[in-house]
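Enquirer: Got a predicted model here, sequence first, then my questions.
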There are 2 protein chains.
Amino acid sequence: MATTGPKSKALQTNMDVDYVIVYRFTDLDKQTAIVTFEKLIQALSSVGLATEVRNGGNHSVLVFTRVASERHLYGEVYRSRVKDWLHGVRTTAPPKDIRQALQVEPLYEAERLRIIYQLITNPITEGGAGITPKEGEWKNIESVFPLHDHAYNKDWIKKWSTNYTLNIEDLDEIRNRFGEKKDRLLLCLYAVILHLPRFPAAFGVAAWTLLGHFSWVYAVVNGLWCTIFTEYWRHQEVDLGVRWGVRGVSRIEVKRRDFKHEKQITDPVTGETVEVFPATKRLQRQLLQIPFALTAALVLGSLIATCFGIEIFISEIYNGPLKSVLVFLPTGILTTVMPILTGILTNFAHQLNRYENYETNAAYETALTQKILVLNFITSYLPIFLTAFVYVPFGSLIVPYLDIFSLTVRPFAEDEKQMHVPTSGFSINPARLRKQVIYFTVTAQVVNLGMEVIVPYLKRRGFAKVKEIQSERAAKNGTASIDVAANDPPEEAAFLTRVRSEAELDVYDVTADLREMVIQFGYLSLFSVVWPLTALSFLINDWIELRADAVKICVQMQRPIPWRADTIGPWLDALTFLTWVGSLTTAALCYLFSNDGLGPNGTPKNIQGWALLLTVFFAEHAFLAVRQVVRVVVSKMDSPGRQKERRQRYLLRRQYFEESLSEIRQLPTMGQAAEHIDRGTLEEEARQSTLRGHSVEDAFWARQRGWRETVQVGAYLIERDGMAGEVKKTR
Amino acid sequence: MATTGPKSKALQTNMDVDYVIVYRFTDLDKQTAIVTFEKLIQALSSVGLATEVRNGGNHSVLVFTRVASERHLYGEVYRSRVKDWLHGVRTTAPPKDIRQALQVEPLYEAERLRIIYQLITNPITEGGAGITPKEGEWKNIESVFPLHDHAYNKDWIKKWSTNYTLNIEDLDEIRNRFGEKKDRLLLCLYAVILHLPRFPAAFGVAAWTLLGHFSWVYAVVNGLWCTIFTEYWRHQEVDLGVRWGVRGVSRIEVKRRDFKHEKQITDPVTGETVEVFPATKRLQRQLLQIPFALTAALVLGSLIATCFGIEIFISEIYNGPLKSVLVFLPTGILTTVMPILTGILTNFAHQLNRYENYETNAAYETALTQKILVLNFITSYLPIFLTAFVYVPFGSLIVPYLDIFSLTVRPFAEDEKQMHVPTSGFSINPARLRKQVIYFTVTAQVVNLGMEVIVPYLKRRGFAKVKEIQSERAAKNGTASIDVAANDPPEEAAFLTRVRSEAELDVYDVTADLREMVIQFGYLSLFSVVWPLTALSFLINDWIELRADAVKICVQMQRPIPWRADTIGPWLDALTFLTWVGSLTTAALCYLFSNDGLGPNGTPKNIQGWALLLTVFFAEHAFLAVRQVVRVVVSKMDSPGRQKERRQRYLLRRQYFEESLSEIRQLPTMGQAAEHIDRGTLEEEARQSTLRGHSVEDAFWARQRGWRETVQVGAYLIERDGMAGEVKKTR
């Protein structure tokens, strides 16, 4: 099915399959397995999906599903579009006639797949089959996924790996294939490639060559650029949302399955009884985030600080044997302990988030993201913070106290002297900061990329190998039944093997990639003044990363379910926040290293506290002012998306207007009343006045009948007034 | 006409008059005067207004207008309501039948008056009479105003002067009478009376008695309260807007009459040709605001600083004769020069604003308000700033240089000594700051109130006196024609005199009162830590002020045209801004005077720059964090208004849904497709496959016909897999 049009052919057929369902019955006895299986098939066919079953290998079967009747599918499509309209996702209702509706906006693939997926997973009450993979009675449904369109994927990757940049059309295409949830990622990639590091990269290189490190000019330009980027992004997001007709989908709220309501109330708005959880109570629970953040900072912070101390001690004080080896001790500790701690904390974050008991999935995800980001910020930025704002300014005060770490090396040291601070006074290593920044922005990125691309590849190869061996051994034993593919019909064999391998792939998680980019952006806005080439390294990294991700999505992951999204939500706030903090750190760094990047050589004496703070204070407020201006300017910018939206609104309004115009036309206008004034109304008045006696008001209004009389009287008054004037003058 | 219902009677009749139009022809010769007059009357009657003319006294006539036919008016009303609906001001369209529509929501007076006023002033193209008071061909139309309803006003003032507080119903009533533009003011009063100073007043008294001056506790609580107030207000505004059905009226944009377009383009949205002025160009022009603000600060600042210097010099250095008199010299200078400067700058602000060439009245007003506020802030807060952050910390460094001001007193001094700084070292007057704050928050307020209430009163009395004398003299001369009232018909005499006096009243300007309150709020948030009783004084002042304003509106001003508004717009931003700055100043003051309110006694030595800055820095960020929290909490709060809005939305949606449901019902569901799967579709498939040859896909899907077969095959596979498993196990 995975082709450009809903029902055309692709190079390599997908057998018209919409979704493949993996049913693994390892932990069930045959009987229950068969019963559940029957339930599954019945459920599927009950929502009009045709099914085929094939052997899936090691205790599993593959269920292939496709829509039994396109005509009926169109019904679902139309219904979902009407629903969108009712929720204000689309400003105009789809045309009444289905055929026409589908001609006006053809059913693109992501929409088709989304709707079918909902058909499978929605609760039966909402007309779905109520199949919830890995949950409750369906816990044996291992996964539900669409098949990759290899022909298309090949083109896609080819295209991306050959073109330098992406344009909006490319994105449109992707979106039609993968849906807009991916566009969260895509929007990001888009931003990254089209906007993010190119300019600062160029400028960074210039700054590096011309201005050197810690240049004010670079700091200002970089800060300004980060601001513009974030605000422009905020603007662009809306535009893309409209362009892809997903603006406001986040308003269609999906209730979380495990939301626990406290009481039932009748909704004052709809009058229905709804299950609610008091916001105040949630707020109280949310307050737990503060201690959580503090603990995280404390735990991770102390770990980082310790390793930091040890490292300094070994690298800059200790001068005994094995130094070259021992230097890697702290790194070792970090790489072993850090993941464990982060794991624990992340787990805790999840628990806390569940405890906060959010009503909708969106809210839940947002809250979780925020928590995770806190952890990420600490682990990614704290080390550099320590170097920049503790080691560099206070180094020589602290170092003497590092003796405590001597025990880490005592076993190796020959004598005490090797482990004591040179009395000659210790001088800090000014290169350390830059080295560290370079490490985080280059080395770490490269490693990371490797982990992302190569490791999974090897993993897959490994698995394949294992299988091979297994089947060989099986062959030896002559039990043909072990070889899954054995009795596949020859014309399907290739296809089935492909499906089986796709079934074993992981599910793609967009947040990982997003997080990576936000963190990256953080390095740029917070510390790039230390090493202006940061942006360049990111440009290169992202250029590769983008392609790598494309490959990942196409080859290493199951094809994602095409959900819709209209914002990158909390990530955007994170960007804004990082830009803000950047204005502080950059200013501070610039001040600290104003002596041609040497820095206060480890003694706070060389720093004027008030000057530093004044600098930061000024920088921050300049930033806030500039941001305000940028916001105003950006808000003034028009965009095709916004125009489209406004146009639709306008047309809608005009339509309404023309509808109500008919009545309005029949309405009397005051103008029409005019002619009555002379005759009609006045006679009528006269009549009324005689009826209900001669009241003061009637007398008042009866003096001048019709406007002509008024004019005459007025003229007369004016005349007389003039006279009076002359009389006066004569005196 | 001015009564609770559109057409019921009031104690003292207004003769059913809707609007009075003053036509003054002093500068015209009779002929043109008469011609224009005729034009006027024609224009009025052309939109269905009945007219009566009476003598207005000194070269003017009064034109009384009323609606000729209620039936026709209802047409206009309905039309305007439909328009509101189309612009999204009201979520529901008014019922088709007019009578019904007017029963559901009766025509309240403000609406009636608003519509009639638009009828008079709207351009002819929009179905109005196109009469523009004081402008162009209508420059002789001095004013167009409705008549006061004295009976109602009496009740109103009585009520307000007896009740301590106002509740929302009172406001509803006012709004029905005066319309919602006034509710800008009213909302403010409302806020002020119901929320603003009561709590801080109470707390302030407590703080004053228990904590003394410059208490941290007070600072924090006060800051917190200001934040809550501002945010809560933002929330409340929306609620009232909905309650009064004006939410979004600010979106109905009225094009400014003297907006100069640069080029004509075809609107991409509506396709009509519109006159535009490039935003970029406006932005450039707006940049002029920066030099403007700077100049203003410089000019006013230097004036204030000079007077400040002189005052200090005279009061604290000079000790010659006439000191007691000379002390008032600076005040004298200020009170004479300041108004002139402010006048010039205000004038300049107006010019700049015109130059910025805004498209809509709303935008124009907002921009102007901002400019005026800048001036107000400088004049109101700078003096205290100087004392707090220049005189107190640096006093003894500056004072020696104040000799230059000696020339102001030289003529009076007997010898040089009297004009020289005591070598004994000069010590600043620590009480000065508090005195100043008290002056600005009490004395100034009282004076201001006096100016507002008493002066206009005297003015009116004065005019009356003059008239009397004139008429007496006229009587002596026996030129009866001078006495306007002479040939009024007796039954109208009283009424006409009243109208003539109302015609001479000023037009009420809400911004003045708003500005006053914002400035007041500023003192509270910026400096109240110096003297915690500030809030109390404001509470008293506002209590009186509110009544005074009520009197002003009813007695001293023409009855205002009831416009609509849904926000206090720029004023709200001003409040937010002041709260923010408050967090800085308060912290700084608290630090400076941390030594039991004595302050650094004029020598910066006693101040730790970095500590001060750190305090401020911390305070500001604490404030920003807290504000964020408050915003979140407030945004969670529900309100009757919001519920109403949501309910209407919901009903609307359900209505649409039910409409489209009919079609949807006819749509096929996938569920219906289910039964086909076994028979229909599959046979059809078989047929097709025979038609278009046996393709791979067909083969694939043909293996299992119908879900029962799938189940059988599945069961078989599961069975076999089990076996295979055993085979393995046996090994």
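Expert: Perfect, I can see it now.

Enquirer: for chain B, what are the nearby residues on the stretch 501-650 of chain A?
Expert: Within the stretch 501-650 of chain A, the positions near chain B by C-beta under 8 Å from any C-beta of the partner chain are A:608-610, A:612-614, A:616-617, A:633, A:636, A:643, A:646-647, A:650. C-beta here means a position set from N, CA and C on the backbone, and glycine is covered the same way.

Enquirer: let's go with 7 Å and repeat that
Expert: A:Gly609, A:Trp610, A:Leu613, A:Leu614, A:Phe617, A:Val633, A:Lys636, A:Gln643, A:Arg646, A:Arg647, A:Tyr650 (C-beta under 7 Å from any C-beta of the partner chain).

Enquirer: Who wins on neighbours among these?
Expert: In terms of neighbours by other C-beta atoms under 10 Å in any protein chain shown, those top out with A:Leu613 at 21 neighbours.

Enquirer: ok, and for the strand or helix carrying A:Val446, which residues are buried?
Expert: Using DSSP states H and E, the element containing A:Val446 is helix A:444-477. Residues of helix A:444-477 classed as buried by neighbour count (16 or more other C-beta atoms under 10 Å in any protein chain shown): A:Gln445, A:Glu452, A:Val453, A:Pro456, A:Arg460, A:Lys467, A:Ser471, A:Ala474.

Enquirer: now for that helix, which elements pack on it?
Expert: helix A:534-551 (3 or more C-beta pairs under 7 Å, 6 or more residues apart in numbering or on different chains; DSSP states H and E).

Enquirer: what's in contact with the next helix or strand after the helix it packs on?
Expert: Where DSSP H and E defines the elements, the next helix or strand beyond helix A:534-551 is helix A:570-592. By C-beta atoms under 7 Å, 6 or more residues apart in numbering or on different chains, the surrounding residues in contact with helix A:570-592 are A:214, A:216, A:219, A:223, A:226-227, A:230, A:233-234, A:366, A:369-370, A:373, A:388-389, A:392-393, A:514, A:518, A:521-522, A:525-527, A:529-530, A:599-600, A:607, A:611-612, A:615-616, A:619-620, A:623.

Enquirer: Quick one: distance of the very next helix or strand once past helix A:570-592 to the chain centre.
Expert: Scanning forward in sequence from helix A:570-592 by DSSP H and E, the next helix or strand is helix A:609-636. From the chain centre to the centre of helix A:609-636 is a distance of 26 Å (C-alpha atoms, centre = their mean, to the nearest Å).

Enquirer: Then stretch A:222-237?
Expert: With C-alpha atoms, centre = their mean, you get 15 Å for stretch A:222-237.

Enquirer: tell me which parts of the stretch 201-350 of chain A are close to chain B?
Expert: A:Pro268, A:Val269, A:Thr270, A:Ala279, A:Leu283.

Enquirer: please redo it, this time with the cut-off set to 10 Å
Expert: Listed as neighbours of chain B in the stretch 201-350 of chain A under the rule C-beta under 10 Å from any C-beta of the partner chain: A:Asp267, A:Pro268, A:Val269, A:Thr270, A:Gly271, A:Glu272, A:Ala279, A:Thr280, A:Arg282, A:Leu283, A:Gln286, A:Leu287.

Enquirer: Just the ones of those in helices?
Expert: A:Ala279, A:Thr280, A:Arg282, A:Leu283, A:Gln286 (DSSP state H).

Enquirer: The last one - how many residues pack around it?
Expert: Residue crowding around A:Gln286 was assessed by other C-beta under 10 Å; the count is 17.

Enquirer: Local confidence estimate at it?
Expert: pLDDT, A:Gln286: 89.

Enquirer: Kindly confirm my reading that A:Phe64 is in a helix.
Expert: No. Looking at A:Phe64 with DSSP: H, G, I helix; E, B strand; the rest coil, it is strand, so not inside a helix.

Enquirer: Kindly provide the distance from it to A:Val713.
Expert: With the distance defined as C-beta to C-beta, to the nearest Å, A:Phe64 ends up 94 Å from A:Val713.

Enquirer: Would you mind telling me which of those two has the busier surroundings?
Expert: Legend: neighbour count by other C-beta under 10 Å for A:Phe64 and A:Val713, higher for A:Phe64 (26 against 19).

Enquirer: Run through the bridge partners of the more buried one.
Expert: Residues in a beta bridge with A:Phe64, per DSSP bridges, are A:Val20, A:Glu52.

Enquirer: Hmm, it is touching A:Phe145, no?
Expert: No. Using C-beta atoms under 10 Å, A:Phe64 makes no contact with A:Phe145, being 11.5 Å away.

Enquirer: what do the two both touch?
Expert: Residues touching both A:Phe64 and A:Phe145 by C-beta atoms under 10 Å, 6 or more residues apart in numbering or on different chains: A:Tyr19, A:Val20, A:Ile21, A:Val499.

Enquirer: and the least confident of those residues?
Expert: Within the set of those, pLDDT is lowest for A:Val499 (88).

Enquirer: on that earlier part again, want to throw the ones in helices among the residues of the stretch 201-350 of chain A next to chain B into a markdown table with distance to B:Thr586?
Expert: Supplementary listing: these in a markdown table, determined by distance: C-beta to C-beta, whole Å:
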| residue | distance to B:Thr586 |
| --- | --- |
| A:Ala279 | 31 |
| A:Thr280 | 29 |
| A:Arg282 | 32 |
| A:Leu283 | 27 |
| A:Gln286 | 28 |
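
Enquirer: from those residues, which single one is nearest chain B?
Expert: A:Ala279 (4.7 Å; C-beta to the nearest C-beta).

Enquirer: nearest residue to the closest one other than its sequence neighbours?
Expert: B:Lys636 (4.7 Å; C-beta to C-beta, 6 or more residues apart in numbering or on different chains).

Enquirer: Would you map the helices across the stretch 101-250 of chain A?
Expert: Assigned by DSSP state H, counting those that start in this stretch, the stretch 101-250 of chain A shows helices spanning A:109-121, A:150-162, A:168-178, A:181-194, A:198-210, A:216-243.

Enquirer: With the stretch 351-500 of chain A instead?
Expert: Going by DSSP H, counting those that start in this stretch, the stretch 351-500 of chain A shows helices at A:361-386, A:392-398, A:406-409, A:431-438, A:444-477, A:490-503.

Enquirer: could I get those helices as a markdown table with distance to A:Arg256?
Expert: Listed next are the helices of the stretch 351-500 of chain A as a markdown table, based on distance: least, C-beta to C-beta, whole Å:
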| stretch | distance to A:Arg256 |
| --- | --- |
| helix A:361-386 | 5 |
| helix A:392-398 | 47 |
| helix A:406-409 | 48 |
| helix A:431-438 | 41 |
| helix A:444-477 | 30 |
| helix A:490-503 | 28 |
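
Enquirer: Out of the ones you listed, which gets nearest to A:Phe25?
Expert: For these, proximity to A:Phe25 was assessed by C-beta to C-beta; helix A:490-503 is nearest, at 14.5 Å.

Enquirer: Check the offset of the closest one from the chain's centre.
Expert: 35 Å.

Enquirer: ok, of the contacts of helix A:570-592, which come out buried?
Expert: The neighbour-count criterion (16+ other C-beta under 10 Å) marks A:214, A:219, A:223, A:226-227, A:230, A:233-234, A:366, A:369-370, A:373, A:388, A:392-393, A:514, A:518, A:521-522, A:525-527, A:529-530, A:599-600, A:607, A:612, A:615-616, A:619-620, A:623 among these as buried.

Enquirer: Let me see the contact set for A:Phe440.
Expert: A:Ser380, A:Tyr381, A:Pro383, A:Ile384, A:Ile519, A:Gln520, A:Gly522, A:Tyr523, A:Phe527, A:Trp531, A:Thr534.

Enquirer: follow-up on the earlier one: put together TSV for the buried residues of helix A:444-477, with pLDDT on each row.
Expert: Listed next are the buried residues of helix A:444-477 as TSV, based on pLDDT from 0 to 100:
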residue	pLDDT
A:Gln445	83
A:Glu452	77
A:Val453	76
A:Pro456	77
A:Arg460	77
A:Lys467	74
A:Ser471	70
A:Ala474	67
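
Enquirer: Pick the one among those closest to chain B.
Expert: A:Ala474 (8.4 Å).

Enquirer: May I have stretch A:560-569 exported as CSV, CA atoms only?
Expert: Output of stretch A:560-569 as CSV, limited to C-alpha atoms (Å, rounded to 0.1, in the frame of the first residue of the first chain):
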residue,chain,number,x,y,z
PRO,A,560,5.9,5.0,12.4
ILE,A,561,2.1,5.5,12.9
PRO,A,562,1.4,8.8,11.3
TRP,A,563,0.0,10.9,14.1
ARG,A,564,-0.7,14.6,13.8
ALA,A,565,0.9,17.5,15.8
ASP,A,566,0.8,21.3,15.4
THR,A,567,3.6,22.3,17.8
ILE,A,568,6.8,21.1,19.3
GLY,A,569,5.3,22.3,22.6
